[in-house]
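Colleague: Give me a 3D structure for the following:
(chains A and B)
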Amino acid sequence: MDLKLDHRTEDRLTIVEVEGEIDVYTAPRLRELLIDLVNKGNFHLLVNMEKVDFLDSTGLGVLVGGLKRVRAHDGSLELVCTQERILKIFRITGLTKVFGIYASVDEAKEAHGKDK
Amino acid sequence: MATVELTFSALPAHVRTARLVATAIARRTGVEESLLDEVRLAVGEACSRAVEAHRAHCPGEPIRIELRDDSGRFEVTVSDLAPSDEIKQEQPLDLGMLSDSFMSNFGIAVIEGLADDVEVFPSPKGTNIRMSWPAAVGV
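Modeller: Sure, this is the predicted structure:
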């Protein structure tokens, strides 16, 4: 399955919907979107990965790159993910300590609201 | 011993094909369903690393994968022809060190976390990554 990307902004939080496979072939599109969002002043990003079928280290690199970019503007990049197959990759690489990972968009929005 | 060999050009688009082939053969070889995601990801990581290495050093050369059913093990070897730097061992995670292109060694760390048995053979003539998982005997 290819990669489908969409995004919307609610309050100050930009929600990026990702569907499909994030790998060495498709990850550049996600990277471009994240860079574009940051360049347009969106510094609080929430990436919803509930419909992601596959994520490899290239995709992790794109997410880490996005996190570095938003942090340069005192922003945040957090994730929504409950799929064990995806969470396992974050655990193996120790990135669960780097990203805020939530069970739902609503839960993430609530946490983000408290931080404001 | 049954062996399937696959060679592909060093293009990112082909990595998905390699993953699908490896997963299909793993299933046929009798690898447990619960391990197939690990096979898919580990083979994908090894192929992605090889593609990036070839694109940097020898884009015209193909990457080779061998998939073997060997005495109750499903064994995959991904071989590239790009000269290898010394494989760095795991380092403490520091966000400042990480970049979009840091994933070469990170991918190997992922493979080591996924495969039941992994050996990485880097050399000036290329890198072989051999990994294996238990499979049902006689399937």
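Colleague: could you list every residue that touches the residue nearest to residue A:107 when sequence neighbours are not counted?
Modeller: Once flanking residues are discounted, residue A:107 sits nearest to residue A:80: 7.8 Å by C-beta to C-beta, 6 or more residues apart in numbering or on different chains. All C-beta spots, glycine's among them, are computed from the backbone N, C-alpha and C. The contact partners of residue A:80, by C-beta atoms under 8 Å, 6 or more residues apart in numbering or on different chains, come to A:46-50, A:101-105, A:107-108.
Colleague: OK, contacts around the residue nearest the centre of chain B?
Modeller: Nearest to the geometric centre of chain B sits residue B:46, at 2.6 Å (C-alpha atoms, centre = their mean). By C-beta under 8 Å, 6+ apart, residue B:46 lies in contact with B:76, B:78, B:107, B:111, B:129, B:131.
Colleague: three-state assignment of the third one?
Modeller: I take that to be residue B:107. Following DSSP: H, G, I helix; E, B strand; the rest coil, residue B:107 is assigned to helix.
Colleague: all strands of chain B, in order?
Modeller: Assigned strands in chain B, in chain order: B:2-8, B:63-70, B:73-79, B:117-123, B:126-134 (criterion: DSSP state E).
Colleague: Could you list the low-confidence segments of chain A?
Modeller: Along chain A, segments meeting pLDDT under 70 span A:1, A:114-116.
Colleague: need the longest strand for it.
Modeller: Ranked by residue count, the top strand of chain A under DSSP E comes out as strand A:44-55.
Colleague: How far does the helix or strand following it sit from its chain's centre?
Modeller: Toward the C-terminus, strand A:44-55 is succeeded by helix A:57-71 as the next helix or strand (DSSP states H and E). The chain centroid and the centroid of helix A:57-71 are separated by 8 Å under C-alpha atoms, centre = their mean, to the nearest Å.
Colleague: what about helix A:57-71 and chain B, touching?
Modeller: Yes: judged by C-beta under 8 Å from any C-beta of the partner chain, helix A:57-71 and chain B are in contact via A:57-58, A:60-62, A:64-65, A:67-68, A:71.
Colleague: Next, the contact list for residue B:135, please.
Modeller: B:26, B:29-31, B:69, B:72-74.
Colleague: Kindly export the lowest-mean-pLDDT helix or strand in chain B (C-alpha atoms) in CSV.
Modeller: Among the helical and strand segments of chain B, the one scoring lowest on mean pLDDT, DSSP states H and E is helix B:103-114, with a mean of 78. This file holds the C-alpha atoms of helix B:103-114, laid out as CSV (Å, rounded to 0.1, in the frame of the first residue of the first chain):
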residue,chain,number,x,y,z
MET,B,103,19.6,5.5,9.9
SER,B,104,22.2,3.3,8.3
ASN,B,105,23.5,2.0,11.6
PHE,B,106,20.1,2.5,13.3
GLY,B,107,18.6,0.1,10.8
ILE,B,108,21.1,-2.6,11.9
ALA,B,109,20.1,-1.9,15.5
VAL,B,110,16.5,-2.5,14.5
ILE,B,111,17.4,-5.8,12.7
GLU,B,112,19.3,-7.0,15.8
GLY,B,113,16.2,-6.2,17.9
LEU,B,114,14.0,-8.2,15.5
